[in-house]
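Novice: This is a predicted model, with the sequence first.
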Amino acid sequence: MSEPIPFDTTFDDPPGELRALSPLVRRMVAGNKSPFTFTGTCTYVVGRGDVAVIDPGPADQRHIDTLAAALAGERVSAIVVTHTHRDHSPGARLLSALTGAPIVGCGPHVSFRPRWDEEAPGLDAAGDREHAPARILAEGDSVEGDGWSLVAVDTPGHSANHLAFALPQERALFSGDHVMAWSTTIVAPPDGAMAPYMASLQKLMDRDDVVYWPGHGGPVTQPNRFVRALMGHRRQREASILDRIKAGDETIPAIVERIYEGLSPALRGAAALSVFAHIEDLVGRGAVVCEGPPLLDTRYRAA
């Protein structure tokens, strides 16, 4: 059995309030509450006076105007984006238009499977294809201000272009949607993939951060323990999926029905994509086989 994940769903910051979290970090929650965004996207401000803004959130002018008003008298020197899902990156363009600050961080929206643009165009509905940063950051690249620096940590998996950002001055990591305290991360093809996601989790296990500030919800205060539990959960889920395939469940809907008992119908689509991400990884490793390429409506069997 894997270690239980110590989820924390007590987060209750009201939208529109800029709250100090540490000497260098403040947070404002956008008003885009949903089953996938929890209470809303967390926009972070790093520094004082000369600041960076991380993940301005959706294309919500009210959120951007409220944030800008809260930062009156301070200079936004960089707008940093972790990944190009529409609850994180579109607000960067609104904030840049308002402040003149450059957008940096992850590159333009990409998929692990470009061929799916024709085969399954509806699956990548969350992608922000208008994102065009002034500077793309790679592993180890940094953006700096007065008393702070943000160092890019390449963490693909939730999306192909996902970056986390380390704040060495506080041994903190802005983990985007890669690790969140309130829930497991959605790994949904075509722009999500399980093998890179697991590798990125292992990469974080090798770090010595003392706190994660995620894209939704409150902090992860015991990062190594939390990430270890996430990895155990994913391995257990993979084992359950493989067991169902060995038992004769050939389709993804059949597997979802058996391993997600009592799941809300609104979340079945996300569950199917998560199962598919695991199956695609199993196919790649030779544990599961299918005719033709692995797709949502493909039939699968154990190797």
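Specialist: Received it, and whenever you're ready, just let me know what you need.

Novice: I'd like to know how far the residue nearest to the spatial centre of the chain sits from Pro90.
Specialist: Centre of the chain computed as the mean C-alpha position; nearest residue by Cα atoms, centre = their mean is Asp177, 2.0 Å away. Counting by Cβ to Cβ, to the nearest Å, the gap between Asp177 and Pro90 amounts to 15 Å. Heads up, the C-betas are built off the backbone N, CA and C, glycines and all.

Novice: Figure out the helix or strand that Leu204 lives in.
Specialist: helix 194-205 (DSSP states H and E).

Novice: helices or strands up against that helix?
Specialist: Secondary-structure packing of helix 194-205 (3 or more Cβ pairs under 8 Å, 6 or more residues apart in numbering; DSSP states H and E): strand 148-154, helix 223-246, helix 268-284.

Novice: which parts of stretch 260-270 are buried?
Specialist: For stretch 260-270, the buried set under the neighbour-count rule, 16 or more other Cβ atoms under 10 Å, comprises 260, 270.

Novice: what about it, start to end distance?
Specialist: End-to-end distance for stretch 260-270, by Cα to Cα, to the nearest Å: 11 Å.

Novice: do the same with stretch 165-175
Specialist: 7 Å.

Novice: same question, stretch 3-10
Specialist: End residues of stretch 3-10 are separated by 21 Å (Cα to Cα).

Novice: pretty sure Trp213 belongs to a strand, no?
Specialist: Yes. Inclusion of Trp213 in a strand is indicated when DSSP: H, G, I helix; E, B strand; the rest coil is applied.

Novice: Now the closest residue to it other than its chain neighbours. Its backbone dihedrals?
Specialist: Excluding the flanking residues, the one nearest Trp213 by Cβ to Cβ, 6 or more residues apart in numbering is Phe174, at 5.0 Å. Backbone torsions of Phe174, given as degrees, to the nearest 10, read phi -80, psi 100.

Novice: looking at the sheet around Phe174, what are its partners?
Specialist: Each beta-bridge partner of Phe174 is listed here, defined by DSSP bridges: Phe165, Trp213.

Novice: Quick check, pLDDT for it.
Specialist: pLDDT recorded at Phe174 is 99.

Novice: separation between it and Asp65?
Specialist: Distance, Phe174 to Asp65, using Cβ to Cβ: 23 Å.

Novice: Repeat that for Tyr197.
Specialist: Relative to Asp65, Tyr197 is positioned 35 Å away (Cβ to Cβ).
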